[in-house]
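Student: here you go, sequence then predicted model.
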Amino acid sequence: MRILHTSDWHLNDKLGRISRQGDIVKRLEEIAKYLDEYKVDVMVVAGDLFSQYNRLDELKSAVGDVNKVFKPFLLDGGTIVTISGNHDNEAFFNLMSLALDLADPIDPKKSGSRPTGRLYLAAKPTYLLLEDKAGQKVQFVLTPYPTSSRYLKDEKTNYKSMGEKNISLHTAMLERIDRMKNKYVKPQLPSVLVGHAHIRGSELHNLYRISETEDVVFEAGDIPTNWAYAAYGHIHKPQALAGTTHVRYSGSIERLDYGERDDEKSVVLVEIDARGRTEEPVCLPLNATPIYRIEINNPEEIASLKDKYSELDRALVDYKLTYKPGEHNRDAICRELDKIFPRWWDRKIVPDGISISPKLSTLIADRQDVATTVRTYLQQQLAGHKDKDAVLKLAEQLLADEQFVNNSEVEI
């Protein structure tokens, strides 16, 4: 069975004033070509299909793009298996999963391999047995991003802090993996773990719109590695883990912010037979969008920009222009830069001799997640206040409530 591992599509994402959907769809089209070229049987998407900031009409459009790109793969008998990540809205993901089961119902009591040629959306921990055209069976243990509704349904859900909640989620996810492995996984068949989680020791430049305080972090030795392959999402930098070649983050399919500017984006191809992996996984490159941060200290430098930076017609650019009032025509310079950087996503235009204040820098920084924004605001506003610690403690209890955070971050 040939499996292509990808993750972190972040459909309908935005960077500053620029919609990233066109870039993301181009990467999906590259992936579709790989599916055909390498005769892939199963594509695994290890979470974060969608950006967390989506309206219902945007979600509808994104699903339409996915349908257009991958429908030929499904019609040819290919199978898509995906799990929900921390940026996927749980209500919408559950709705899609239920709709798929209604349109093409599967008897959960029936044993054996599940049908191919369809999309599987795992909004909760799931065991899935698939069989390729040659009759090779592979087991998939699907573990979505750990949230209370997915892993703590029968336990208390009110916590004093986010740290307390994360400890419970950490334990519950490990117990669920162990339970599925002992109850469902057959030792005589190869198995693949699919997860959306933060494994400590992974190389990362940032956590995409989530802080480590909020995240559920696992040690490298917490989750077993004795799978034929382990397909992870969540960390955007592609890499192998724990000194192995078969436990991997595929990484995001696009450079989604400036922190990812040096990442070489890719997807992972692995082939599995009855004995396990037939050979080491192979990374297949994606033509990710260049991202630049450019300082123009003198308008005379503009003429040489095209020689210094490649692919400016599609590159995403954050630029700072310093000009001299009375000597330079600011508006004319900006019009010229609009032609050179048609996809600038942020810009700072500064008269010579004037610096940007820290407060303004904060305002123009990348949008933060809700929890980080709340913490930062309260820390600043309550500096020196006698009730600071008490208010921050109450805020942590509120932030530990997933319903509050989800309702604050997602528009559907």
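Tutor: Received it, and whenever you're ready, just let me know what you need.

Student: ok, now which ones touch P72?
Tutor: Contact partners of P72, counting by C-beta atoms under 8 Å, 6 or more residues apart in numbering, are A32, D36. In short, each C-beta sits where N, CA and C put it, glycine included.

Student: what does the pLDDT read for it?
Tutor: We have a pLDDT of 97 for P72.

Student: secondary structure element holding it?
Tutor: helix 56-75 (DSSP states H and E).

Student: got the residue ranges for the helices in the stretch 51-200 of the chain?
Tutor: Assigned by DSSP state H, counting those that start in this stretch, the helices in the stretch 51-200 of the chain fall at 56-75, 90-103, 148-151, 162-183.

Student: by how many degrees do the first one and helix 90-103 diverge?
Tutor: Orientation of helix 56-75 against helix 90-103 (axes from the mean of the first three to the mean of the last three C-alpha atoms, to 10 degrees) gives an angle of 40 degrees.

Student: same check, this time on the last one
Tutor: Note on geometry: by the same axes, to 10 degrees, helix 162-183 and helix 90-103 are set 20 degrees apart in direction.

Student: now do helix 162-183: distance to the chain's middle.
Tutor: When C-alpha coordinates are averaged (C-alpha atoms, centre = their mean, to the nearest Å), helix 162-183 and its chain have centres 21 Å apart.

Student: over to the second one?
Tutor: In terms of C-alpha atoms, centre = their mean, the centre of helix 90-103 is found 20 Å from the chain centre.

Student: test my guess that N94 contacts P144.
Tutor: No. N94 is not in contact with P144 according to C-beta atoms under 8 Å; the separation is 10.6 Å.

Student: more neighbours, those two?
Tutor: Using other C-beta atoms under 10 Å, the more surrounded residue of N94 and P144 is P144, with 29 against 17.

Student: so that one sits right up against H87, yeah?
Tutor: No. The pair P144 / H87 is not scored as a contact, 11.7 Å apart, by C-beta under 8 Å.

Student: rewinding a little: out of the helices of the stretch 51-200 of the chain, flag the one nearest Y232.
Tutor: Ranking those by their distance to Y232 (criterion: C-beta to C-beta) puts helix 162-183 first, at 12.7 Å.

Student: list the contacts of that closest one.
Tutor: 125, 127, 141, 143, 146-148, 151-152, 155, 159, 191, 193, 197, 213-218, 222-224, 371, 396, 399-400.

Student: how close does R17 get to L305?
Tutor: Distance, R17 to L305, by C-beta to C-beta, to the nearest Å: 20 Å.

Student: these two: which is more packed in?
Tutor: Using other C-beta under 10 Å, the more surrounded residue of R17 and L305 is L305, with 18 against 10.

Student: my guess is the more buried one contacts L312. True?
Tutor: Yes. Using C-beta under 8 Å, L305 is in contact with L312, at 7.2 Å.

Student: now the common contact residues for these two.
Tutor: I340.

Student: now distance to Q239 too, for the helices of the stretch 51-200 of the chain, in a markdown table please.
Tutor: Below are those laid out as a markdown table (distance: least, C-beta to C-beta, whole Å):
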| stretch | distance to Q239 |
| --- | --- |
| helix 56-75 | 26 |
| helix 90-103 | 26 |
| helix 148-151 | 25 |
| helix 162-183 | 21 |
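
Student: among those helices, show me which one is buried the most.
Tutor: Greatest average neighbour count among these goes to helix 148-151 (a mean of 20), per mean count of other C-beta atoms under 10 Å.

Student: contacts for that one, please.
Tutor: Residues from elsewhere that reach helix 148-151, judged by C-beta under 8 Å, 6+ apart: 84, 90, 123-125, 144, 157, 165, 169, 172-173, 176, 402.

Student: redo that, cut-off 7 Å
Tutor: E90, K124, P125, P144, T157, L169, A172, M173, R176, E402 (C-beta atoms under 7 Å, 6 or more residues apart in numbering).

Student: looking at these, which is nearest E254?
Tutor: Using C-beta to C-beta, P144 comes nearest to E254 of the contacts of helix 148-151, at 21.8 Å.

Student: list the residues that contact the closest one.
Tutor: Neighbours of P144 in contact, by C-beta under 7 Å, 6+ apart: G47, I83, S84, A122, A123, K124, P125, R150, H196.

Student: of these - the most surrounded one?
Tutor: Counting neighbours by other C-beta under 10 Å, I83 leads these with 31 neighbours.

Student: so that residue is in contact with A197, correct?
Tutor: No. Contact criterion C-beta atoms under 7 Å: I83 and A197 do not qualify, at 10.4 Å.

Student: appreciated, that's everything.
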